[in-house]
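structure, please.
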Amino acid sequence: MGIRIISVKRENAMSQEPEDDNDLQPEYDFSGAVRGKYYERYQQGTNVVLLDPDVAQTFKDSESVNRALRLLVDLARHEVPERR
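Prediction:
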């Protein structure tokens, strides 16, 4: 399963009254939205990694990042002996 990070604001964590978090702007248009579009994928687990800008310029999409990381993992398996 992937990594999930959940943050809670401490000052409201114990509060019984709901906080007004409605920060949606009137210009937001969700008329074409699909409810639950990524639900199944999220249930499988997620990993979000933030790339530094210089690294992000090298990769055009997540597929290219994954391909590069798999190559690195494969190289490491062949070059570095396993620990016992």
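
please enumerate the strands of this protein.
In the chain, no strands are defined using DSSP state E.

which regions of it sit below the pLDDT cut-off?
1-20, 84 (pLDDT under 70).

can you tell me the centre-most residue of it?
Centroid check for the chain by Cα atoms, centre = their mean gives V48 as the closest residue, at 2.5 Å.

could you report the distance from it to P26?
Per Cβ to Cβ, to the nearest Å, V48 is found 29 Å from P26. Heads up, the C-betas are built off the backbone N, CA and C, glycines and all.

kindly report the same for S64.
Per Cβ to Cβ, S64 is found 37 Å from P26.

list the buried ones in the lengthiest helix in the chain?
Ranked by residue count and defined by DSSP state H, the top helix of the chain is helix 62-79. Across helix 62-79, burial judged by 16 or more other Cβ atoms under 10 Å covers V65.

which strands and helices sit next to it?
With contacts defined as 3 or more Cβ pairs under 8 Å, 6 or more residues apart in numbering; DSSP states H and E, helix 62-79 has no helix or strand neighbours.

now what about it, what contacts it?
51, 59 (Cβ atoms under 8 Å, 6 or more residues apart in numbering).

distance from that helix to the middle of the chain?
19 Å (Cα atoms, centre = their mean, to the nearest Å).

same deal with stretch 67-84?
Here stretch 67-84 is found 24 Å from its chain centre; the criterion is Cα atoms, centre = their mean.

can you check stretch 23-40 too?
Centre-to-centre, stretch 23-40 and its host chain are 18 Å apart (Cα atoms, centre = their mean).

and it, what's buried?
Buried residues in stretch 23-40, counted by 16+ other Cβ under 10 Å: none are found.

now the end-to-end length of it.
Using Cα to Cα, to the nearest Å, one end of stretch 23-40 lies 27 Å from the other.

state the distance from E40 to T46.
Distance of E40 to T46, computed by Cβ to Cβ: 12 Å.

can you check D74 too?
Separation of D74 from T46 (Cβ to Cβ) stands at 24 Å.

lovely, talk soon.
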